[in-house]
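Asks: okay, predicted coordinates and the sequence, questions at the end:
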Amino acid sequence: MKPIATILLFASVSWAALQDTILPSKPPTITSEPWQCTTEILPQYFDPPKPTGALLTAIQSYGDVLQKDCKPTQTDIYGLPECTFPASSLWCRFSTAAPSSLLSSYSSYGSAASSWWSAKSSAAVSLARSCPIGWYRAMYDTPGGPGWLNSTLVFAGCYEEAHPTTGSSTKATATATTGSKATSSGPQQTATSTSKASVVGRADNIEMWVVGTGLAVTAVNSML
């Protein structure tokens with residue numbers, strides 16, 4: 001559950017602006033930032049709780065199904081092909097597609113993702129704004145960084161949608177649109193990266209799978 005302060009924080013900015021802040025698609029244009037930024041451990045914001053074992057394998061397979069007809073239209077910050085990302089509501093349906101034996105671990109993962117973002121969100125937005133150079137570098141240098149952060153938001157939102165609490169909600173209402181930017185009307189379906197090589201080699205490189213399938217750089221707004 002997100003604290004009320006966090007809800008108000010996200011209500012005060014547009015979806016597109018929030019996306020540009022947390023998951024910028026381009027390097028910052030400024031050349032310097034406050035020296036205090038060097039004292040912040042920014043990579044921690046791209047190292048959220050991650051699914052493991054059979055749950056990770058199941059999510060990978062589900063992502064492959066959602067992305068099977070992906071047609072890249074542009075490139076992401078890594079230079080990989082980028083295509084329209086499946087609506088967040090489709091990701092939340094994983095709970096009905098997953099084997100019953102994984103539902104407990106999936107719920108635990110969603111809870112951990114929700115708690116992690118609740119604790120980190122306020123500082124993340126603040127630091128992404130005040131330290132854009134360091135933030136972008138941390139995002140770029142952390143293997144699968146933007147994908148792991150965004151997938152955490154997606155599954156945290158799915159968990160909160162399934163476990164509604166008075167005063168806090170991240171229910172997704174994503175609709176289809178092409179490109180990596182959200183419209184001002186609310187949460188939208190956005191872009192993700194795909195790479196044949198990264199999907200084929202996913203068993204050897206989980207981080208590249210995150211970049212190469214449905215858990216890549218998607219809009220933060222899809223689940224906030």
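Replies: Thanks, I have the structure now. Numbering: from 1, shown residues only.
Asks: biggest helix in this protein, by residue count?
Replies: Ranked by residue count, the top helix of the chain under DSSP state H comes out as helix 103-130.
Asks: and the next helix or strand past that one?
Replies: Later in the chain than helix 103-130, the nearest helix or strand by DSSP states H and E is helix 132-141.
Asks: how close does the closest residue to Pro27 other than its chain neighbours sit to Thr52?
Replies: Using C-beta to C-beta, 6 or more residues apart in numbering and skipping the chain neighbours, the partner closest in space to Pro27 is Tyr136 (5.5 Å). Bear in mind the C-beta positions are built from the backbone N, C-alpha and C, glycine included. Using C-beta to C-beta, to the nearest Å, Tyr136 is found at 28 Å from Thr52.
Asks: the helices in the chain, which residues?
Replies: Secondary structure of the chain (DSSP H): helices at 4-11, 15-22, 53-66, 88-92, 94-97, 103-130, 132-141, 145-162, 196-200, 206-212.
Asks: on that earlier part again, more crowded one of Tyr136 and Thr52?
Replies: Set side by side, Tyr136 and Thr52 show more neighbours around Tyr136, with 19 against 11, by other C-beta atoms under 10 Å.
Asks: the more buried one touches Ser25, doesn't it?
Replies: No. Between Tyr136 and Ser25 there is no contact under C-beta atoms under 8 Å: 10.0 Å.
Asks: need the helix or strand of the protein with the lowest average pLDDT.
Replies: One helix or strand of the chain scores below all others by mean pLDDT, DSSP states H and E: helix 196-200, with a mean of 27.
Asks: for Gly53, which non-adjacent residue is closest in space?
Replies: Leaving aside its sequence neighbours, Gly53 sits nearest to Ser105 (C-beta to C-beta, 6+ apart; 7.8 Å).
Asks: separation between that neighbour and Gly145?
Replies: Relative to Gly145, Ser105 is positioned 24 Å away (C-beta to C-beta).
Asks: who has more neighbours out of the two?
Replies: More crowded of Ser105 and Gly145, by other C-beta under 10 Å: Gly145, with 25 against 17.
Asks: which non-adjacent residue is nearest the more buried one?
Replies: The nearest residue in space to Gly145 (C-beta to C-beta, 6+ apart) is Phe46, at 3.5 Å.
Asks: what's the burial count for the one you found?
Replies: A count of neighbours around Phe46, defined by other C-beta under 10 Å, yields 23.
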